[in-house]
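In: need a structure here:
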Amino acid sequence: MDILKVQFEQPVPRITDLNAFEPISEDFYRQTLEIITKLQEEEGADVYVLPTLYSAYQISRASMGEQKIRTAARETPDLYKAVLESYKNALIWLVKECKKVGIQGFYMCTQGGEMTFYDIPAKSSILRTIWPVAARTIPANVKMNICPAPASVR
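Out: As a prediction, the model looks like this:
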């Protein structure tokens, strides 16, 4: 059977001021789910549709950048934890909704660096948050890709 790996690129809002952060909605990835649903409906009988999931930490890197994460983890850890929690909840929603439309597995990607900023991202890593939900939701087909941390975060 062929595999159709879906790379979701739905951008999260940039965080320029952590004190003004507004959590994303739990169903933030509805647009991504609609694309996944359409692909599953059109190709799912013949192709294994495999959405890509990133960790809350990786999404925070896209929305904040590494330097802001370092500063936030050190100076305002509770605010940074709220960012991670918001992203995590949206990802969990996406996983559960994917099961409802017939998705049989996920491709999970860490891209490295998850264990580097004090202990905050480690507690929000994909292994501790999204992986268990995905494994319970769709028990047979969860794939994991672990990339080394970029040199800038080592």
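In: Same question for the biggest strand by length in the chain: list its buried residues.
Out: Across the chain, the longest stretch assigned as strand under DSSP state E is strand 47-54. For strand 47-54, the neighbour count (16 or more other CB atoms under 10 Å) marks 49, 50, 51, 52, 53, 54 as buried. For glycine as for every other residue, the C-beta is placed from the backbone atoms N, C-alpha and C.
In: Pull up the per-residue confidence for the fifth one.
Out: Each residue has a pLDDT score; the one for residue 53 is 84.
In: Dig out what it forms beta bridges with.
Out: According to DSSP bridges, the partner residues bridging residue 53 are residue 108.
In: so it touches residue 95, yeah?
Out: Yes: using CB atoms under 8 Å, residue 53 is in contact with residue 95, at 7.1 Å.
In: and the angle from whichever strand or helix holds residue 42 to strand 47-54?
Out: Following DSSP states H and E, one finds residue 42 within helix 30-43. Relative orientation of helix 30-43 versus strand 47-54 (axes from the mean of the first three to the mean of the last three CA atoms, to 10 degrees): 160 degrees.
In: can I get the CA coordinates of helix 30-43 in PDB?
Out: Output of helix 30-43 as PDB, limited to C-alpha atoms (Å, rounded to 0.1, in the frame of the first residue of the first chain):
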ATOM      1  CA  ARG A  30      -9.700  22.500  11.800                       C
ATOM      2  CA  GLN A  31      -8.400  23.800   8.500                       C
ATOM      3  CA  THR A  32      -5.700  21.100   8.500                       C
ATOM      4  CA  LEU A  33      -8.300  18.500   9.500                       C
ATOM      5  CA  GLU A  34     -10.500  19.500   6.600                       C
ATOM      6  CA  ILE A  35      -7.500  18.800   4.200                       C
ATOM      7  CA  ILE A  36      -6.700  15.500   5.900                       C
ATOM      8  CA  THR A  37     -10.400  14.500   5.800                       C
ATOM      9  CA  LYS A  38     -10.600  15.300   2.000                       C
ATOM     10  CA  LEU A  39      -7.500  13.300   1.300                       C
ATOM     11  CA  GLN A  40      -8.800  10.400   3.400                       C
ATOM     12  CA  GLU A  41     -12.100  10.400   1.600                       C
ATOM     13  CA  GLU A  42     -10.500  10.600  -1.800                       C
ATOM     14  CA  GLU A  43      -7.500   8.300  -1.300                       C
END
